[in-house]
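**Q** fold the following, please.
(chains A and B)
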Amino acid sequence: MLIARVIGNVVATQKNQRYEGSRVMLCRQITPEGEDMDYTCLALDAVDSGEGDIVVIAQEGWSASTAATGRPGAAIDSAIVGVVDYIDLLAKEK
Amino acid sequence: MQIARVIGTVVSTVKNESLEGRKILLVQTLDADLKEKGKPMVALDSVGAGVGELVFWCRGKEASFPFRRDETPTDCTIVGIIDSDSHVFNSGK
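**A** Numbers count the residues shown, from 1 in each chain, chains lettered A, B, ... in the order given. Predicted structure coming up:
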């Protein structure tokens, strides 16, 4: 799983039927400190997240499909499975 | 899943039986700013996408789920067509 920030979403009228009723969110991976990384991806929203939220994304098919649609077997490889309130980090040694 | 642009069609006559009748497309993956990222790759189509369209694809075993899942050999499948370039809402832009 990875930590990311929701930076937007995409609109697709024509899509796999198992995606119906779900939102496809555009996410950018961030470091635990909150800095943007290069990797961006699309993920189905399973927790009613919104733009600007820090989220946890599961990138494994069974989990993503079950979280986003309620059952496995959909063509979904990433789902937002949690909204992060905060991250407690051990202070870095200098 | 990643955003990509369909940049071509792959025609193959001799192929796995499960791929018969399936459209094989060449896609260029894009980042959140719709800039090209990485090399083009081949994806199976499950939604009727065509050349020039903005789409998104799904990787891994899940890629075979829109088809006969136990038989269809694919690791990348187009699962949605994005309505237009302006239907990618990216607050970072």
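
**Q** look up how far chain A lies from B:D85.
**A** As for B:D85, its distance to chain A is 10 Å (criterion: CB to the nearest CB, to the nearest Å). (C-beta placed from N, C-alpha, C; glycine too.)

**Q** pretty sure B:T29 is in a strand, no?
**A** Yes. Assessed by DSSP: H, G, I helix; E, B strand; the rest coil, B:T29 belongs to a strand.

**Q** what is the burial count for residue 56?
**A** I went with chain A, as the question did not name one. By other CB atoms under 10 Å in any protein chain shown, 16 other residues sit near A:V56.

**Q** um, chain B though
**A** B:F56 is flanked by 28 other residues according to other CB under 10 Å.

**Q** avg pLDDT for the helix or strand where it lies?
**A** B:F56 belongs to strand B:54-59 when assigned by DSSP states H and E. For strand B:54-59, the mean pLDDT works out to 95.

**Q** can you tell me the strand partners of it and which way each runs?
**A** strand B:2-10 (antiparallel), strand B:76-81 (antiparallel) (DSSP bridges).

**Q** got the residues of chain A near chain B?
**A** A:7-16, A:19, A:24, A:26, A:28, A:38, A:40-43, A:51-52, A:61, A:64-65, A:73-78 (CB under 8 Å from any CB of the partner chain).

**Q** give me the number of neighbouring residues for A:G50.
**A** 12.

**Q** identify the bridge partners of A:L26.
**A** Beta bridges link A:L26 to A:G8, A:L42 when assigned by DSSP bridges.

**Q** what's the answer for B:V42, then?
**A** Residues in beta-bridge contact with B:V42 (DSSP bridges): B:L26.

**Q** just say which of the strands paired with strand B:54-59 is most tucked in.
**A** Mean neighbours per residue, mean count of other CB atoms under 10 Å in any protein chain shown, is largest over the strands paired with strand B:54-59 for strand B:76-81, with a mean of 24.

**Q** what does the average pLDDT come to for the helix or strand just after it?
**A** The helix or strand immediately downstream of strand B:76-81 is strand B:88-90, counting by DSSP H and E. Averaged over strand B:88-90, pLDDT sits at 91.

**Q** pLDDT score for the residue nearest to the spatial centre of chain B?
**A** With distances taken as CA atoms, centre = their mean, B:I78 lies nearest the centre of chain B, 3.1 Å away. What the model reports as pLDDT for B:I78 is 96.

**Q** and it, how close does it get to A:D38?
**A** From B:I78 across to A:D38, the span is 23 Å (CB to CB, to the nearest Å).
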